[in-house]
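Novice: Fold the following, please.
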Amino acid sequence: MTNGAVYAVVVSGNIIYISGDFTSVGPNTGAGVALDTSTGISDPAFPRVNGTINTAIPDGSGGWYIGGAFTAVGGTARNRIAHILPDKSLDPDWDPNANGNVNALAVSGSTVYAGGDFTSIAGETRNRIAALDASTGLVTSWNPNASSSVLALVVSGSTAWS
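Specialist: The predicted structure follows:
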């Protein structure tokens, strides 16, 4: 997989030469990939994401929450927000299903805060910012009703700031 266009391909023996408008060639990993810190090699067990990942944060237990502009993770429908378990599998029960991009995530205790361009998440109206139960993905009663896109989140004490 190249990160740009391939214009020519030439085969000589058992070697294929390619040229074009690219700066790297590597495996097609999708938008997110886990890399071994000592070798730089991608982990094939990490589930393939079919779109852009805008944000990723650890869940505190060896897994990850991811948000972005994707609609599937590991071949399973997940609209713009998902939870990757410590074993690198997709959490089958955590599916908030945001109707717009998720740009920012923050975790505080048992709450995942999500910010972005959505107006509905976990089946509830939440304008661009929401608090989700970290175990179930269901929205909490917290509803600050942001008037424009949320691009960043910070949790300080018991308050989330965007």
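
Novice: ok, now which ones touch the residue lying closest to Asn28 once chain neighbours are set aside?
Specialist: Among residues not flanking Asn28 along the chain, Met1 sits closest, at 3.7 Å (Cβ to Cβ, 6 or more residues apart in numbering). Glycine gets a C-beta too; all of them are placed from N, C-alpha and C. Applying Cβ atoms under 8 Å, 6 or more residues apart in numbering, we find Met1 in contact with 25-29.

Novice: list the contacts for the residue nearest the centre of the chain?
Specialist: For the chain, the residue nearest the mean C-alpha position is Ile66 (3.1 Å; Cα atoms, centre = their mean). The contact partners of Ile66, by Cβ under 8 Å, 6+ apart, come to 32, 49, 53, 55-56, 73, 81-84, 105.

Novice: Going by secondary structure, it is in what exactly?
Specialist: Here Ile66, judged by DSSP states H and E, is contained in strand 64-69.

Novice: and after that strand, which helix or strand comes next?
Specialist: strand 72-73.

Novice: How about residues contacting that next one?
Specialist: Residues from elsewhere that reach strand 72-73, judged by Cβ under 8 Å, 6+ apart: 47-51, 66, 78, 82, 84, 90.

Novice: Can you give the distance of the helix or strand following it from its chain's centre?
Specialist: Next along the chain after strand 72-73, taking DSSP H and E as the criterion, comes strand 76-77. Here strand 76-77 is found 13 Å from its chain centre; the criterion is Cα atoms, centre = their mean, to the nearest Å.

Novice: Pull up the pairing partners for strand 76-77, direction included.
Specialist: Using DSSP bridges, the strands paired with strand 76-77 are strand 72-73 (antiparallel).

Novice: What's the mean pLDDT across the partner strand?
Specialist: Across strand 72-73, the average pLDDT comes to 96.

Novice: What of stretch 90-102?
Specialist: 97.

Novice: List the buried residues of it.
Specialist: Residues of stretch 90-102 classed as buried: 90-91, 94-98, 100-102 (neighbour count, 16 or more other Cβ atoms under 10 Å).

Novice: Between those, which sits nearest Ala146?
Specialist: Here the nearest of the buried residues of stretch 90-102 to Ala146, counting by Cβ to Cβ, is Gly100; it sits at 11.9 Å.
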